[in-house]
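*Asks:* Could you work out the structure for the sequence below:
(4 chains)
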There are 2 protein chains.
Amino acid sequence: MPMGSVSIKEVATRAGVSPGTVSNVLNRPEKVAESTRARVEEAIRDLGFVRHGSASSLRAGHSRTVGLSVIDIGNPFFTDVAAGVEEVASERGYAVILGNSSGDLLKEERNLLVFAEQRVRGVLITPAGANLAKLDQLRERGISVVLVDHPAERADQCSVAVNDITGGSLAVSHLLSGGAERIAYVTGPLTVRPCADRLIGAKRALAAAGRDPGETLEEISVSVMNARSGQQAAEKMIAGGRLPDAVFCANDLLALGMLRGLLQAGVRVPRDISLIGYDDIDFVSASAVSLSSIRQPTHRLGRVATELLLDECDNPGSHAHQQIMFQPELIIRESAP
Amino acid sequence: MPMGSVSIKEVATRAGVSPGTVSNVLNRPEKVAESTRARVEEAIRDLGFVRHGSASSLRAGHSRTVGLSVIDIGNPFFTDVAAGVEEVASERGYAVILGNSSGDLLKEERNLLVFAEQRVRGVLITPAGANLAKLDQLRERGISVVLVDHPAERADQCSVAVNDITGGSLAVSHLLSGGAERIAYVTGPLTVRPCADRLIGAKRALAAAGRDPGETLEEISVSVMNARSGQQAAEKMIAGGRLPDAVFCANDLLALGMLRGLLQAGVRVPRDISLIGYDDIDFVSASAVSLSSIRQPTHRLGRVATELLLDECDNPGSHAHQQIMFQPELIIRESAP
DNA sequence: CGTCCTCTTGAAAACGTTTTAAAAACGGCG
DNA sequence: CGCCGTTTTTAAAACGTTTTCAAGAGGACG
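*Replies:* So this is what the prediction gives:
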């Protein structure tokens, strides 16, 4: 009969042992004799005992939770990452505390505060801005941090990212090979690292093809990277006249919005304008005009980041910080054949 | 200079007060004199003190976290719900612990155990199956539970749902009005309440139109409700010959997969087969053939559920359990005009 | 039978808060 | 100046674990 909160002490009395022994059964079962262990386990079952996580982390000095702060939980890219994180965390008995920064630095900071209060074991974060100082403060507090989708600049921290320079480059050289002369790059804030890197990659591709970035590339900046912004960007582009002949969007949500905006205005894709997105989220293969995109190992990103984090937490001695960099892959579909 | 874990005690000595006073500043600022409060707050800032959530919940008897267990974090429907949940929780200073059951009852149970260990204040859950007994156990432990996307049968619990019977009915009567004679219903496990209810609605619509469900409706069951399953269902349907002239998918992911499967096999939508999905996730308006669907107030679902939950937690006395039921809306697009 | 080991168990002290009951400070007033 | 009612502060006892250290229980062996 599971009652409202049974403590280890009640389990102890029922099993005829001391609380310390029960704790041992829970945490180092091998240290306790077979027969008593069985007795204790039976008592646990009978009473419906569930360990009190707060008490446990208070005393033990660390919790079994990790914090995950993402930029946009509505974006399938982050959802895939989150799924990977949840998978690994759950396998290892960790709980995931979810924070959605919505690209807002204040909100992100509030998330980190909540994580600090909860004394999470570690934090996985795709930073919404360029200022990583707050993260060092966390580390000083003994909370490990792994950067996700953002390569670490320093060697004393872990990160898992995908080479966005390569990605930007792949995208733009593909557009060039399709005959593009003037390309628009629709991007989120350049303080978001991936956006900035994809731009660098784009420019490199132009340089490699002997084009002048200043003439070939037009940047269109939006503050939030969703389909609505993409569509607005399309409308602005169209209103401005003089359309580019290719558009590279910094993520697929923008690209889908752009596609919709273009089609609604009667612009034909890819005939009038070719279009390429980024992330290769599931849905772009099914869109009105299927989108070319840059694929990233998203789920993997989440898994590996979490493995790194938990390794750092569990083996603080032997842990070697790693900056893992995956390679993106060009996926060609109708929108930019 | 924020050091590794400053305690309330250190704040107290620096401010020249007792720990109890610091605690009061934190929790009932109005109880402490203006001048000392200022002094304490300064000490808190100087030392970079952050309240230890575990200690706090241990003593206070309740935490500031809620658990959220969803069936498929990869499905934009749940993502939208989660975003709503996170929003409200975050506004009220609660942290959200995320659990993804993947439709697996064992995994769901493990999530609930984790929630129980963390002593979450409450749980939001879209149950992966029909057995809600575990939830009563949680309630006995003093953890409030709000059902999400699953109407409560009993009056002593809160729930937030959308009328799936109406939804199923809307979908099927629309298909009938388009001239459908034989309809396939592609669904997840019927132990998942929404799937079952949408079927009931579908049959009602048939009955209302004077059709015999046994002859008109064919059920195709899949175990996991994603695009891959949808496509497989299409392939099976096609291999089986004798195609229906309309397909109703229990969610949009299935519908997108179905669409792809049909198009790849050269079946024209909506000319040969008309197709309608469910949820009206963002992406279906942009798909190759834009999908008709049943829209639900997804984000709202998450927000309201969380408000209900936190109300139940914060005002246990005055809280009145509510079973909220939203109404779905038919959205007509190309796939079933 | 006593000694010495090893293997198990137990007692008690933390961990950092919150909360309660009581003490201290303060002001006003007789 | 002493007393009383209020406001403000404090000391100390929890909350449920984990952990350390010592004590107890069994054997094996001399």
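
*Asks:* Can you tell me how far A:L217 is from A:R211?
*Replies:* 8 Å (CB to CB, to the nearest Å). Quick note: C-beta positions are derived from backbone N, CA and C, even for glycine.

*Asks:* same thing with A:N226?
*Replies:* A:N226 is 30 Å from A:R211, by CB to CB.

*Asks:* buried sites along stretch A:27-35?
*Replies:* A:V32 (16 or more other CB atoms under 10 Å in any protein chain shown).

*Asks:* Any idea how far the worst-scoring helix or strand of chain A on mean pLDDT is from the middle of the chain?
*Replies:* The helix or strand of chain A with the poorest confidence is helix A:213-216; it has a mean of 87 (mean pLDDT, DSSP states H and E). For helix A:213-216, the distance from its own C-alpha centre to the chain's C-alpha centre is 32 Å (CA atoms, centre = their mean, to the nearest Å).

*Asks:* Buried residues, it. List them.
*Replies:* Across helix A:213-216, burial judged by 16+ other CB under 10 Å covers A:213, A:216.

*Asks:* what mean pLDDT would you report for the helix or strand following it?
*Replies:* Going down the chain from helix A:213-216, the next helix or strand is strand A:217-221, by DSSP states H and E. Strand A:217-221 carries an average pLDDT of 94.

*Asks:* buried sites along the following helix or strand past strand A:217-221?
*Replies:* Once the chain leaves strand A:217-221, the next helix or strand it forms, by DSSP H and E, is helix A:227-239. Using 16+ other CB under 10 Å as the test for burial, helix A:227-239 gives A:227-235, A:237.

*Asks:* and the closest residue to A:S144 other than its chain neighbours, how far is that from A:S101?
*Replies:* Spatial nearest neighbour of A:S144, chain neighbours left out: A:G122 (4.0 Å); criterion: CB to CB, 6 or more residues apart in numbering or on different chains. Distance, A:G122 to A:S101, by CB to CB: 17 Å.

*Asks:* if you count what's nearby, which of the two comes out ahead?
*Replies:* Under the criterion of other CB atoms under 10 Å in any protein chain shown, the comparison of A:G122 against A:S101 puts A:G122 first, with 29 against 23.

*Asks:* Can you report phi and psi for that one?
*Replies:* Dihedral pair for A:G122: phi -160, psi 170, per degrees, to the nearest 10.

*Asks:* With A:A161 instead?
*Replies:* Here is the backbone geometry of A:A161 (degrees, to the nearest 10): phi -150, psi 180.

*Asks:* if we can go back for a sec, please list which of the buried residues of helix A:227-239 are also close to chain B.
*Replies:* Within the set of those, contact with chain B (CB under 8 Å from any CB of the partner chain) is found for A:A227.

*Asks:* With pLDDT as new columns, can the buried residues of helix A:227-239 be given to me in a markdown table?
*Replies:* As requested, the buried residues of helix A:227-239 are exported to a markdown table (pLDDT from 0 to 100):
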| residue | pLDDT |
| --- | --- |
| A:A227 | 94 |
| A:R228 | 94 |
| A:S229 | 95 |
| A:G230 | 95 |
| A:Q231 | 95 |
| A:Q232 | 95 |
| A:A233 | 95 |
| A:A234 | 94 |
| A:E235 | 94 |
| A:M237 | 92 |
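
*Asks:* Let's have the buried residues of helix A:227-239 in a markdown table, adding distance to B:E42.
*Replies:* As requested, the buried residues of helix A:227-239 are arranged in a markdown table below (distance: CB to CB, whole Å):
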| residue | distance to B:E42 |
| --- | --- |
| A:A227 | 47 |
| A:R228 | 44 |
| A:S229 | 42 |
| A:G230 | 47 |
| A:Q231 | 49 |
| A:Q232 | 46 |
| A:A233 | 47 |
| A:A234 | 52 |
| A:E235 | 51 |
| A:M237 | 52 |
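
*Asks:* of the buried residues of helix A:227-239, closest to DNA strand D?
*Replies:* Looking at the buried residues of helix A:227-239 and their distance to DNA strand D, the nearest is A:A227, at 46.8 Å (CB to the nearest atom of the strand).

*Asks:* buried stuff in stretch A:258-273?
*Replies:* For stretch A:258-273, burial by neighbour count (16+ other CB under 10 Å) applies to A:258-262, A:267, A:269-270, A:273.

*Asks:* Inside strands: which ones of those residues?
*Replies:* Among those, no member falls in strands (DSSP state E).
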